[in-house]
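K.L.:
let's see this in three dimensions:
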Amino acid sequence: MPKVKTNSSAKKRFKVTPSGKIKRGSAYKSHILTKMSTKRKRNLTKGGYISEPDMGLIKNLLGIGK
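P.N.:
Below you'll find the predicted structure:
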């Protein structure tokens with residue numbers, strides 16, 4: 001059986017914590033930021049965690065077992 005390849009875009013966007021949760025960054029923080037308020041941009045800097053329903057999909061993309 002061949003090895004499972006890790007999805008290159010997923011490995012750049014997600015990090016696995018020691019407890020097994022998956023961290024993610026916020027979207028909408030790349031360009032056209034002049035129309036956004038400072039408060040909104042500051043809050044988008046903070047990341048979050050992947051929700052439970054999406055956990056299996058992301059783990060599959062990262063090549064780690066469920």
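K.L.:
need the pLDDT of residue 66.
P.N.:
Listed pLDDT for residue 66 reads 58.
K.L.:
before we move on, what about residue 3?
P.N.:
As predicted, residue 3 sits at a pLDDT of 83.
K.L.:
need the strands for this structure, in chain order.
P.N.:
Using DSSP state E, the strands of the chain run over 14-16, 22-24, 48-49.
K.L.:
find the centremost residue of this protein, please.
P.N.:
In the chain, the centroid-proximal residue (C-alpha atoms, centre = their mean) is residue 24; its distance is 2.9 Å.
K.L.:
wait, that residue touches residue 54, no?
P.N.:
No. Counting by C-beta atoms under 8 Å, residue 24 sits too far from residue 54 to count as a contact (9.4 Å). Where C-beta positions appear, they are placed from N, C-alpha and C, glycine not excepted.
K.L.:
hmm, back to that, residues touching the residue nearest to the centre of the chain, list them.
P.N.:
13, 14, 47, 48, 49, 50 (C-beta atoms under 8 Å, 6 or more residues apart in numbering).
K.L.:
what's the neighbour count on the closest residue to the second one other than its chain neighbours?
P.N.:
Counting by C-beta to C-beta, 6 or more residues apart in numbering, residue 22 is the residue found nearest to residue 14 once chain neighbours are left out, at 5.2 Å. Neighbour count of residue 22, defined by other C-beta atoms under 10 Å: 20.
K.L.:
any idea how far residue 22 is from residue 29?
P.N.:
Note on residue 22: its distance to residue 29, by C-beta to C-beta, to the nearest Å, is 19 Å.
K.L.:
returning to that earlier point: which residues does the residue nearest to the centre of the chain bridge with?
P.N.:
residue 14, residue 48 (DSSP bridges).
K.L.:
just for the chain, where's the confidence low?
P.N.:
The chain contains residues with pLDDT under 70 at 66.
K.L.:
hey, which helix is longest across this protein?
P.N.:
helix 52-62 (DSSP state H).
K.L.:
mind listing what's buried in that one?
P.N.:
Buried residues in helix 52-62, counted by 16 or more other C-beta atoms under 10 Å: 58, 59, 61, 62.
K.L.:
that'll do, ta.
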